[in-house]
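sequence-free structure coming up:
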């Protein structure tokens, strides 16, 4: 059996060379990278728009080990060569929109890596609402370090904001808990949709939230309905900013990015804390490493970086479908009709996704107008079926 397995792996490599004349077996130096002199830390959304499309896609079913902390393996499941061939063909035909990257981690190893168009292994890609998810990851790190506790999630957010003048805030604001915010159920509602943004740089940090709390509609239990917004994750980040030594930016850089070896660019909002609704950019490999930690209970390369108790709550599917802790819990072609997909999802087709039953993590990026689901379809159509039992 061992000889048959080795023969099959060798045959797969040969077949991939034949069917993927786009760089499947390229050396590590041939991975698509940013031009020399480009600083990834300043590679924000505007800079990414200047990137030229790759002349041809880079596809590898045996990803390069570039010493970035990711273990690598080989995608040699039965039918893999045909699946990859079909994926590349459909991507070239534009079926998945402007797909920039697609990566798969399975059972502890990166087994598939694809870049096209604006995809670069060292180039941060805008994450859109996956930024909300990364805010949750930052909170998980803060809890792991003891800056906050799990029981704090059920305490009012104003308890963590000492500069708030409670005599001026609207009724009900004092009932908003951290968990309400993490479920997008704060109940904060403003005269105009862009009210928070309209405050600009005039009100910094807690003064910004003072204005929000003064201008929201009164909050009642019935008003605490789900509403997708950037304000709720900003509440969480403000609390982290106050609890951490230094700023939230410094905390993330030292305690999250450095620990994972993440390459990223994260802009600030006017009030001085990181943008939390959207505004961050990460390389695909960086998102993949963080996604694997979620899949493994908060551990990365054997070290407990994120609170195991918090991650357990994120991964709990008993809540059913919905949006919890800034992660989507959804059914995606699940034969047993249960939640099997836990993901950060961003506009334009950005994904950091965990498939718990398959012990699989997928990352995809694209610059689509609409077609937010197209990159997920690429994986569901061609790669995920290789692992279903």
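Received, thanks. What you see is a predicted model; the values in this text were computed from it and never measured. Residues are numbered from 1 along each chain as shown.

are we agreed that residue 174 is in a strand?
No. With DSSP: H, G, I helix; E, B strand; the rest coil as the criterion, residue 174 is located in helix rather than a strand.

against residue 239, how distant is it?
Residue 174 is 15 Å from residue 239, where distance means Cβ to Cβ, to the nearest Å. Where you see a C-beta, it was placed from the backbone N, CA and C, and this is true even at glycine.

more neighbours: the two, which one.
residue 239 (24 against 15; other Cβ atoms under 10 Å).

identify the residue spatially nearest to that one, adjacent ones excluded.
Excluding the flanking residues, the one nearest residue 239 by Cβ to Cβ, 6 or more residues apart in numbering is residue 160, at 4.5 Å.

burial of the nearest residue to residue 163 once chain neighbours are set aside, as a residue count?
Closest residue in space to residue 163, ignoring its immediate chain neighbours: residue 206 at 4.1 Å, by Cβ to Cβ, 6+ apart. As a burial measure, residue 206 scores 19 neighbours (other Cβ under 10 Å).

the stretch 101-250 of the chain: helices as residue ranges?
Using DSSP state H, counting those that start in this stretch, the helices found in the stretch 101-250 of the chain span residues 130-144, 178-182, 195-198, 206-215, 231-243, 248-252.

cool, and the stretch 251-389 of the chain?
Under DSSP H, counting those that start in this stretch, the stretch 251-389 of the chain gives helices at 258-260, 284-295, 308-315, 374-382.

pick the most buried one from those.
Most buried of the helices of the stretch 251-389 of the chain by mean neighbour count (mean count of other Cβ atoms under 10 Å) is helix 284-295; its value is a mean of 26.

how about the strands in the stretch 1-150 of the chain?
Using DSSP state E, counting those that start in this stretch, the strands of the stretch 1-150 of the chain run over 58-60, 99-106, 109-115, 125-126.

how long is stretch 53-67 end to end?
This stretch, stretch 53-67, spans 26 Å end to end (Cα to Cα, to the nearest Å).

next one: the spatially closest residue to residue 192 that is not a sequence neighbour, what pLDDT does it get?
Closest residue in space to residue 192, ignoring its immediate chain neighbours: residue 198 at 7.1 Å, by Cβ to Cβ, 6+ apart. Residue 198 is assigned 94 on the pLDDT scale.

so where is the stretch 251-389 of the chain shaky, pLDDT-wise?
In the predicted model, the stretch 251-389 of the chain carries pLDDT under 70 at residues 389.

report the distance from stretch 264-274 to the chain centre.
Stretch 264-274 has its average C-alpha position 17 Å from the chain's average C-alpha position, going by Cα atoms, centre = their mean, to the nearest Å.

nope, stretch 209-225 is what I was after
In terms of Cα atoms, centre = their mean, the centre of stretch 209-225 is found 28 Å from the chain centre.

and what of stretch 202-218?
Computed by Cα atoms, centre = their mean, the chain-centroid distance of stretch 202-218 equals 28 Å.

may I see the buried residues of it?
In terms of neighbour count (16 or more other Cβ atoms under 10 Å), stretch 202-218 has its buried residues at 203, 205-206, 208-213, 215-216.

pLDDT of it, averaged?
Averaged over stretch 202-218, pLDDT sits at 97.

and stretch 137-153, by the same measure?
Here the average pLDDT along stretch 137-153 is 98.

correct me, but residue 57 touches residue 88?
Yes. Using Cβ atoms under 8 Å, residue 57 makes contact with residue 88 at a distance of 6.5 Å.

out of these two, which sits in the busier spot?
Remark: of residue 57 and residue 88, residue 57 carries more neighbours, 24 against 20, as counted by other Cβ under 10 Å.

leaving out the residues flanking it, which one is nearest to that one?
Residue nearest to residue 57 in three dimensions, not counting chain neighbours: residue 116, with 3.9 Å by Cβ to Cβ, 6+ apart.

for residue 243, same thing?
Closest to residue 243 by Cβ to Cβ, 6+ apart is residue 147, at 4.3 Å.

please apply the same query to residue 125.
Of all residues not flanking residue 125 in the chain, residue 365 sits nearest, at 4.2 Å (Cβ to Cβ, 6+ apart).

bridging residues for that neighbour?
Beta bridges link residue 365 to residue 101 when assigned by DSSP bridges.

hmm, it is touching residue 100, no?
Yes. Counting by Cβ under 8 Å, residue 365 does reach residue 100; the two are 4.6 Å apart.

of these two, who's got more company?
Counted by other Cβ under 10 Å, residue 365 and residue 100 do not tie: residue 365 has more neighbours, with 35 against 30.

quick one: contacts for that one?
Residue 365 makes contact with 99-101, 119, 125, 284, 349-351, 375 under the criterion Cβ atoms under 8 Å, 6 or more residues apart in numbering.

what do you get for residue 263?
Residue 263 neighbours (Cβ under 8 Å, 6+ apart): 40, 122, 124, 282-283, 285-286.

now do residue 33
Contacts of residue 33 were listed using Cβ under 8 Å, 6+ apart, and they are 120-123.
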